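*Asks:* model this:
(3 chains)
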Amino acid sequence: MQVNEFKPLIVAFCCNWCSYAGADLAGNNRLNYPADVKIIRVPCSCRVNPMFILRAFQRGADGVILCGCHPGDCHYTSGNYYTRRRMAALFSMLDFLGIEKERTRVEWVSAAEGAKFAATMNDFVEKVTALGPNKRLEDLRCKR
Amino acid sequence: MHKTYLQEEIIRMSGVNPSKCMRCGKCSASCPAYDEMEYHPHQFVNMVESGDIEPLLKSESLYKCLSCFACIERCPRGVEPAKLVEAVRLTAIRKQGANHMTANDVPALLDDEMPQQAIVSAFRKYSK
Amino acid sequence: MQRVGVFVCWCGSNIAGTVDVQAVSEALKNEPGVVFSTNYQYMCSQAGQNMIIDAVKEHNLTGIVVCSCSPRMHEATFRKTAAAAGLNPYMVEIANIREQCSWVHKDMMTGTEKAIILGKAAVAKVNLNTPLTPGESPVTKRALVIGGGIAGIQTALDIADAGFEVDIVEKKPTIGGKMAQLDKTFPTLDCAACILTPKMVDVAQNEKIRIFSYSEVTDVKGFVGNFDVTIKKNARFVKEDICTGCGACVEKCPMKKVPNEFNLGMDNRSAIYIPFAQAVPKVATIDPNACNMLKNGKCGLCAKVCAAGAIDYTQKDEYIEEKYGAIVVATGFNPISMEKFDEFAYNQSKDVITSLEFERLTNAAGPTAGKLLRPSDHEHPHTIVFVQCVGSRCDSCAEKGKEYCSKICCMYTAKHAMLTRDKYPDTEVYVFYIDVRTPGKNFDEFYRRAVEEYGVKYVKGMVGKVTPEGKKLKVQASDLIANKQLHIDADLVVLAAAIEPDQTARPLATMLTASMDTNDFFTEAHPKLRPVESPTAGVFLSGACQGPKDIPETVSQAGAAASKVIGLLAKDKLTGNPCVASSNELMCNGCSSCERVCPYGAITYVDKEFRMPDRTTKVRRVASVNPAVCQGCGCCTVACPSGAMDLRGFANNQIMAEVDAICK
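*Replies:* Predicted coordinates for the structure are as follows:
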């Protein structure tokens, strides 16, 4: 058997107006971050149902990060406030389930913060890599 | 800018954030003891902010402040200069190492005309 | 099952440099639903687009996945391409393999791997796409302007100029607002009435403009292009269309001791009154709280002297319902109350006044006919102290003042000081300031003139205490430059009070579902790029309701708001964003969770009949989304406990499918 270095599977939800544009800017500036991060575009961070995050963990994601506009800058005026509250509730529950706090995160990244996006992703991947694979919620029946 | 130990100590003791000051001078405008003072309330705030505390420790101003708190009441930014004065005063007294007045000295000094506030303020000033 | 076509773009070497495009298109060929997969150098080029169109026709594609640059770049392009091929434009999904893959990953293998996964996610999503059509709604080609100050007047005139009908709703008996109360205007010193009253007359004479004075908006329903507004016309007990404004009733009215609000209570008016000579509409109004006839049925003099027979003591409040396509908020400002600032003795002395009161004192139509006299004893003041920033820039006194800079005080104080020195060179004028803020065309020059040519004494410092003593006001203040405490015996103290939004703004914002900041100023859709629009579509902002503003700024913003309104009203139909929320009525339990989180008020509840299996019908309360108002944030979809609410284009199952594809 080949010994593989652990590569985490990271799902990133990015709001269309700030963070997704921030990720694009990171690309425009050729700022590297690990390929383990896969971005899903949503109109607003408040579109992210806690179910999506649970689903990702269930399917074997090792970390889930949610990026939105800075508080007060939401394109839809108040969406990210809801995100903040919902995720605070969800994350404390995940903690209770034994999913380490470091596997989830909410981060505010504006469309101008390409460098912050890349730095955030580097940091997040590093933290999740250190934690190792997520076994707690993974449902092996989903793996064919 | 790096804060000196003394400066941080005074800010901590007083609970005042001198950088909130917008230099309007309403404290000095309100101060009834203004003319008695070497450093006026607005200068006091400014000097603590810039870490220039040694001259304040030596200044008479510390004992001229009436602790009437008019500056606290009127400051539009909530800076509370009188609390800074008190913190510097306490620092000076602690450095000197001895009380200038004890509770036993008070009855002899009492005067019917003297407001209660003055006695309280005397204690604030002269004891540790 | 969809028939999906995958098109992988090289973007020259931008993508092909770190992603093996051939491998990507090969790998995606085996994904469910994919019937065609290819790659090409520049997918966005004409040749690339033609390639897509041909493939759609040849392979009967129902969905398209383009693996290329960011959807923020070319999603619109490829949607057009799809439309040109006869497909619904919303059957296109983009996998971002440039900005989020090839440009940020150096290694060919990892880049290719990630690109394949992103492509798989897009395929998984497009498999669940449904054709979407943007909703259309008609536009009522009329506008409502709420507030009849200079902001409202200018907006209304500009909209009417473009040929659209406008209604102005003003809560006072006349339009004109704060500007009508001013004496001169900085920095050119033209008289406010001379430049405002012609505009008021223009409004009155414009056939396209209707004025609802002494009226207020009580209800707003509907959405952009289709607002239903209820306007309450308060009973003024005078028939507006008959009254000629001759003023005979005002003269004869025996009840003459009512504080005159137009002069800020510094003189009296009668119970029946016309606020000022140039009022528009020039119609009398009876104050029901002062009129003897209305209070106890004794008097009736005004009805007797009215030659036109316009007085009607039985008049009732009237509710009018109107339809509008756009609403402009121009509710303006008020100076804050000085009652709480004990140190300035505003309550104790009549000679401590606000700047707006000073404005009336110097106005030729004011209580002193323009002579500067002390309100207490009508003597000429010789020493005047102006205090700036009273209640502005307060951090600690949230219950007393405001945190923001009121912006206009520096300039009007300079104006007052200058004019006083000009008219009465024997007066000494002090201005106590924290900072003098004069960023405006010819503003700083104006302030310097007050100091250099007119000899106004500007003192850097603040007034700490004002004590009335005999006829004088003892002012204790600091001079920070001289490092002295000053004691001035003043005759008049003028406070530059902070300004705040009108108190009607908050309830109005609730009616309009327009958002406000913590200071009750209306929030703009974007602070830089959309400064005259509210985040609520169809609601526009004009003047000081959005933030402190002087007259030139207000007028330019009013014009900008008008041009936005004209742009909206010029359209016959509004096309919406099809990616909006929609509720599955069978699953909705009517809990109101979604309604509460919607920032646009797009969700309402309707009672709907449902046929039950036993052929009876049952009425249930269910959510209904107005697609013209919904902006598609999706907040409601998460709030919905029964899973009835979903967002088109970003549906729950689509995002789940993407998650699954990525996590495989």
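*Asks:* From one end of stretch C:483-496 to the other, what's the distance?
*Replies:* Length of stretch C:483-496, first residue to last, C-alpha to C-alpha, to the nearest Å: 24 Å.
*Asks:* Tally up the residues packed near whatever residue of chain A ends up closest to chain B, please.
*Replies:* Residue of chain A nearest chain B, by C-beta to the nearest C-beta: residue A:72 (21.6 Å). To be clear about C-beta, it is placed using only N, CA and C from the backbone, and glycine gets the same treatment. Residues contacting residue A:72 under the criterion other C-beta atoms under 10 Å in any protein chain shown number 12.
*Asks:* quick one, what contacts it?
*Replies:* Residues near residue A:72 by C-beta atoms under 8 Å, 6 or more residues apart in numbering or on different chains: none.
*Asks:* does the residue nearest to residue C:486 when sequence neighbours are not counted sit in a helix, a strand or a coil?
*Replies:* Spatial nearest neighbour of residue C:486, excluding adjacent residues (C-beta to C-beta, 6 or more residues apart in numbering or on different chains): residue C:477 at 4.7 Å. What DSSP: H, G, I helix; E, B strand; the rest coil gives for residue C:477 is strand.
*Asks:* which residues in chain A form strands?
*Replies:* Along chain A, the stretches classed as strands by DSSP state E are A:10-15, A:37-42, A:63-68, A:104-108.
*Asks:* so can I have JSON lines of the ones you listed showing mean neighbour count, distance to chain B and mean pLDDT?
*Replies:* Converted to JSON lines, the strands of chain A look like this (neighbours: other C-beta atoms under 10 Å in any protein chain shown; distance: least, C-beta to the nearest C-beta, whole Å; pLDDT from 0 to 100):
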{"stretch": "strand A:10-15", "mean neighbour count": "27", "distance to chain B": "34", "mean pLDDT": "95"}
{"stretch": "strand A:37-42", "mean neighbour count": "24", "distance to chain B": "38", "mean pLDDT": "96"}
{"stretch": "strand A:63-68", "mean neighbour count": "28", "distance to chain B": "31", "mean pLDDT": "95"}
{"stretch": "strand A:104-108", "mean neighbour count": "20", "distance to chain B": "26", "mean pLDDT": "95"}
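*Asks:* can the ones you listed go into JSON lines with extra columns for distance to chain C?
*Replies:* Formatted as JSON lines, the strands of chain A follow (distance: least, C-beta to the nearest C-beta, whole Å):
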{"stretch": "strand A:10-15", "distance to chain C": "6"}
{"stretch": "strand A:37-42", "distance to chain C": "5"}
{"stretch": "strand A:63-68", "distance to chain C": "9"}
{"stretch": "strand A:104-108", "distance to chain C": "14"}
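*Asks:* Distance to residue A:124 added to those, as JSON lines?
*Replies:* As requested, the strands of chain A are exported to JSON lines (distance: least, C-beta to C-beta, whole Å):
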{"stretch": "strand A:10-15", "distance to residue A:124": "7"}
{"stretch": "strand A:37-42", "distance to residue A:124": "8"}
{"stretch": "strand A:63-68", "distance to residue A:124": "5"}
{"stretch": "strand A:104-108", "distance to residue A:124": "6"}
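*Asks:* the helices in the chain, which residues?
*Replies:* Let's take chain A. A:19-28, A:50-58, A:79-97, A:114-131 (DSSP state H).
*Asks:* Correction: the question concerned chain B.
*Replies:* B:5-14, B:26-30, B:41-50, B:54-58, B:61-64, B:70-74, B:81-96, B:106-109, B:116-126.
*Asks:* Confirm that residue C:430 sits in a strand.
*Replies:* Yes - assessed with three-state DSSP, residue C:430 lies in a strand.
*Asks:* What is the neighbour count of it?
*Replies:* Neighbours of residue C:430 (other C-beta under 10 Å): 23.
*Asks:* again, but for the one 3 residues further on
*Replies:* The number of residues packed near residue C:433 is 23, by other C-beta under 10 Å.
*Asks:* Was I right to think residue C:238 contacts residue C:282?
*Replies:* No - at 11.2 Å, residue C:238 does not count as touching residue C:282 under the criterion of C-beta atoms under 8 Å.
*Asks:* coming back round to it: please report the distance of the residue of chain A closest to chain B from residue A:18.
*Replies:* 12 Å (C-beta to C-beta, to the nearest Å).
*Asks:* For residue C:388, give me phi and psi.
*Replies:* phi -90, psi 170 (degrees, to the nearest 10).
*Asks:* for it, what are its contacts?
*Replies:* C:409, C:410, C:413, C:431, C:432, C:433, C:434, C:496.
*Asks:* Which one of the residues you listed is nearest to chain B?
*Replies:* So of these, ranked by how close each gets to chain B (C-beta to the nearest C-beta), first place is residue C:434, at 4.1 Å.
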